[in-house]
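[1] sharing a model prediction with you, sequence too.
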Amino acid sequence: MTENERLSQDRPQKDRPWVMRTYAGHSTAAASNELYRTNLAKGQTGLSVAFDLPTQTGYDPDSPLAHGEVGKVGVPIPHLGEMRRLFDQIPLTEMNTSMTINATAMWLLALYQVAAEEQNPDLDPAEVAAQLAGTTQNDIIKEYLSRGTYVFPPEHSLRLISDVIAYTVRAMPTWNPINICSYHLQEAGATPVQELAYSICTAIAVLDQVRASGQVAEADFGQVVGRISFFVNAGVRFVEEMCKMRAFVELWDELTRDRYGVVDDKMRRFRYGVQVNSLGLTEAQPENNVQRIVLEMLGVTLSKNARARAVQLPAWNEALGLPRPWDQQWSLRLQQVLAYESDLLEYDDLFDGSHVVEAKVAELVDGARAEVDRVQAMGGAIAAVDSGYMKGELVAAHAARRARIESGEEKVVGVNVFTTTEPSPLTADLDAAIQTVDRAAEQAAIESVRAWKEQRDDAAVAEALARLGEDAKSEVNLMESTLACARAGATTGEWAATLREVFGEFRAPTGVGGAVGVAEAGADLAAVRERVRSTGAELGTRLRLLVGKPGLDGHSNGAEQVAVRARDAGFEVIYQGIRLTPEQIVAAAVAEDVHCVGLSILSGSHMELVPAVLEGLRRAGLTDVPVIVGGIIPESDGRELRSLGVAAVYTPKDFGLTEIMGGIVEVIRAAHGLTAE
């Protein structure tokens, strides 16, 4: 036998790679469809659909609340016609599609199913549904804690989740009706223990709701557990992250066996997809993000017994703006090199028997069990949302992390250490380094809704929506009436408005009030605090800062941290939470007689929303109230905002919150003609 023959014979059989995705969707359904088909041609093996904020929060593009938000962070899907365009020439019965959608998950799943039925007119609708494979995110609890795209109160949201789970277990057996999502918990500051614990608490709340609904026979409950998936985050501390995933496996197996009596090992298997950490991506020296993404990917792929089923990676430039197709291709190639060129998939688990790994996993499991017990003693996840406990814990953990970065205890290369850099060819032209959304997309979406309504049967729509409203008042599973609304031609806004009338709306606690910021003020914070005090004395009142979140953007982490640090610096802080209109922010500025308005916008809608706030303040006569803006704002947009009257623009590279507080004091002093000293 030759050496080549021996090597060929001895080479281990490779495992199948995970599903490879990129998270994508923007502008219009047609533009997103072109991107999807291009990515699939490049070797992507599944789709991950990003929807815009109006779609996620149940508004049509022509709603006043949708202004400036259409097509910005995802694709607008206001009706079945746009779902058809989104998946044109993509056979849905052969695809594995993940849809990041929560409050309106039932509606988008219905549109997806009906679009698939239309692609397969020769098949019975039930046969089509049974062939669909994919995932709806559908975890509303983490929306109350971190991401902010909730609509309905918790108990009604859980009812919608339960109905989707019961329907899919019966009609769509290869569909994951929920992925319990720890991703955004980590983005909001969760420690690994909190990420584990709060995800498990969410799973308990969901599974208890499904069991209590009586829609699934006890003998079939294992099928429910078997279709639950998770969507997790992976940070750059890849050893700890890998141990976290092994801890998840252990905790999930224990929970499903002991609490829910599932005896089938396959049904108890921990199944998860991952998007690695976007929070840790930096605007400063953004080329460093590539190695961060690789390390984060290793944390969820190295351990075979805790390996992700699907992976999607952010692009190196996401801290700058919307990635281009080339940037997404680069992220896809990172996965492909690991899966196809390395020998990772040829071996059993690399960490079995490691004393270091076993000790770390045990530490995480013990900490998570204790936190789960604490939340369950409060009455479970929903009670801990209502009380603000979990939100407050996340805000405090995030504040502690920010403080470690500012002090230099936690080092971020290119940000607070090794900041000397050569000019980067990747960012030589910042305006060309990201993709911009066509500002005509909003008007196109509005026209699409108008044209759709003109050609549909309004009587059939009204009948379907009336049925939905009546079913919502009962205990009937709402998926069937939702499918009827989709087939009749109802819009996203009409479906959600019908349920808003029955269920009402909800505003989650902000978590700011009880959060502990900087435990001990260092010299820098003490100096700013004195500056705040003395400026207030000169003006004859304590300085008041209004922190506002205009539009539908629910990513409140930055706003919360600004609010906590401003309170630490001596400001009186007015923060009313997310999803406010410019008019509401102006009204609050007038009512609270504030000295400065700080706006946080991460959805890319700053060029529409900020001018509206500026104009509202002028009309209200508050010309001496400066406006500052923070968010993912390209430099060209920053220049334009400053030319319109914005006093300061902060982006992710401005990580020093105490320094930002000092800047706020100075813009207040300048607005009142006080000396700079």
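    Perfect, thanks for sending it.

[2] buried set for the helix or strand containing Thr202?
    Counting by DSSP states H and E, the element that carries Thr202 is helix 192-213. Across helix 192-213, burial judged by 16 or more other CB atoms under 10 Å covers 192-210, 213. Yep, even glycine has a C-beta here, placed from its N, CA and C like the rest.

[3] now do stretch 460-479
    For stretch 460-479, the neighbour count (16+ other CB under 10 Å) marks Val461, Ala464, Leu465, Arg467, Leu468, Asp471, Ala472, Asn477, Leu478, Met479 as buried.

[4] out of those residues, which is nearest to Leu35?
    Closest approach between the buried residues of stretch 460-479 and Leu35, by CB to CB: Met479, at 29.5 Å.

[5] what sits against that closest one?
    If you count contacts by CB atoms under 8 Å, 6 or more residues apart in numbering, Met479 has them with Met106, Leu109, Ala110, Asp163, Val164, Tyr167.

[6] can you check Ala464 too?
    Ser481, Ala484, Cys485, Arg487, Ala488, Ala490.

[7] most neighbours among the residues you listed, which one?
    Among the contacts of Ala464, the one with the most neighbours (other CB atoms under 10 Å) is Ala490, at 29 neighbours.

[8] what residues are up against that one?
    Ala490 makes contact with His79, Val461, Ala464, Leu465, according to CB under 8 Å, 6+ apart.

[9] which non-adjacent residue is nearest the last one?
    Spelled out, that is Leu465. Excluding the flanking residues, the one nearest Leu465 by CB to CB, 6 or more residues apart in numbering is Thr498, at 5.0 Å.

[10] and Arg404, how many residues sit next to it?
    Neighbours of Arg404 under the rule other CB under 10 Å: 14.

[11] what residues are up against Ser63?
    Ser63 neighbours (CB under 8 Å, 6+ apart): Pro54, Gly493.

[12] what is the burial count for Thr419?
    Considering only other CB under 10 Å, Thr419 is surrounded by 11 other residues.

[13] right, I mislabeled it, should have said Gln376
    Neighbours of Gln376 using other CB under 10 Å come to 17.

[14] surely it meets Cys201?
    Yes: here Gln376 reaches Cys201: they are 7.0 Å apart, a contact under CB atoms under 8 Å.

[15] show me what the closest residue to Ile664 other than its chain neighbours is bridged to.
    Excluding the flanking residues, the one nearest Ile664 by CB to CB, 6+ apart is Cys596, at 5.6 Å. Going by DSSP bridges, Cys596 is paired in beta bridges with Leu545.

[16] can I assume Cys596 is in contact with Val547?
    No: Cys596 lies out of contact with Val547 (CB under 8 Å); the separation is 9.5 Å.

[17] so for the two, which sits in the more crowded spot?
    Comparing Cys596 with Val547 by other CB under 10 Å, the one with more neighbours is Val547, at 30 against 23.

[18] next, the more buried one: secondary structure please.
    strand (DSSP: H, G, I helix; E, B strand; the rest coil).

[19] where do the helices of the stretch 151-300 of the chain begin and end?
    With helices called from DSSP state H, counting those that start in this stretch, the stretch 151-300 of the chain shows them at 154-171, 183-187, 192-213, 221-227, 238-258, 289-299.

[20] can you tell me what sits against the second one?
    Here helix 183-187 makes contact (CB under 8 Å, 6+ apart) with 142, 145-147, 194-195, 198-199, 231-233, 235, 274-275, 277-279, 394, 555, 557.

[21] residues touching the residue nearest to Leu465, list them.
    Leu465, Leu468, Gly469, Ala472 are the contacts of Thr498 under CB under 8 Å, 6+ apart.

[22] then Leu430?
    By CB under 8 Å, 6+ apart, the residues touching Leu430 are Leu320, Pro634, Glu635, Ser636.

[23] could you dump those residues to JSON lines with secondary structure and neighbour count?
    JSON lines is the format used below for those (DSSP: H, G, I helix; E, B strand; the rest coil; neighbours: other CB atoms under 10 Å):
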{"residue": "Leu320", "secondary structure": "coil", "neighbour count": "26"}
{"residue": "Pro634", "secondary structure": "coil", "neighbour count": "20"}
{"residue": "Glu635", "secondary structure": "helix", "neighbour count": "13"}
{"residue": "Ser636", "secondary structure": "helix", "neighbour count": "11"}
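
[24] quick one: low-confidence parts of the protein?
    Low-confidence segments of the chain (pLDDT under 70): 1-12, 511, 513-521, 676-677.

[25] now, which of the contacts of Thr498 sits nearest Ala612?
    Leu465 (31.4 Å).

[26] does Asn39 really touch Arg333, like I thought?
    No: using CB under 8 Å, Asn39 is not in contact with Arg333; the gap is 11.5 Å.

[27] compare neighbour counts for the two and give me the winner.
    Comparing Asn39 with Arg333 by other CB under 10 Å, the one with more neighbours is Asn39, at 22 against 13.

[28] you'd agree that one is in a helix?
    Yes: under three-state DSSP, Asn39 falls within a helix.

[29] who touches it in this structure?
    Asn39 neighbours (CB under 8 Å, 6+ apart): Thr22, Ala24, Pro325, Gln328, Gln329, Leu332.

[30] the third one and Tyr36: what is the separation?
    Between Pro325 and Tyr36 the computed distance is 11 Å (CB to CB, to the nearest Å).

[31] now swap in the fourth one and tell me
    Computed with CB to CB, the distance linking Gln328 and Tyr36 is 11 Å.

[32] mutual contacts of these two, please.
    With CB under 8 Å, 6+ apart, Gln328 and Tyr36 have common neighbours Ala24.

[33] if we can go back for a sec, could the contacts of Asn39 go into CSV alongside secondary structure?
    What follows is these, written out as CSV (three-state DSSP):
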residue, secondary structure
Thr22, coil
Ala24, strand
Pro325, helix
Gln328, helix
Gln329, helix
Leu332, helix
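
[34] so which of those residues wins on neighbours?
    Of all these, the most densely surrounded is Thr22 (27 neighbours; neighbours counted as other CB under 10 Å).

[35] so that one sits right up against Val311, yeah?
    No: contact criterion CB under 8 Å: Thr22 and Val311 do not qualify, at 9.9 Å.

[36] circling back: how about the helix or strand where the residue nearest to Leu465 lies: buried residues?
    Using DSSP H and E, Thr498 sits within helix 492-503. If you call a residue buried by 16+ other CB under 10 Å, then helix 492-503 has these buried ones: Thr492, Gly493, Glu494, Trp495, Ala496, Ala497, Thr498, Leu499, Phe503.
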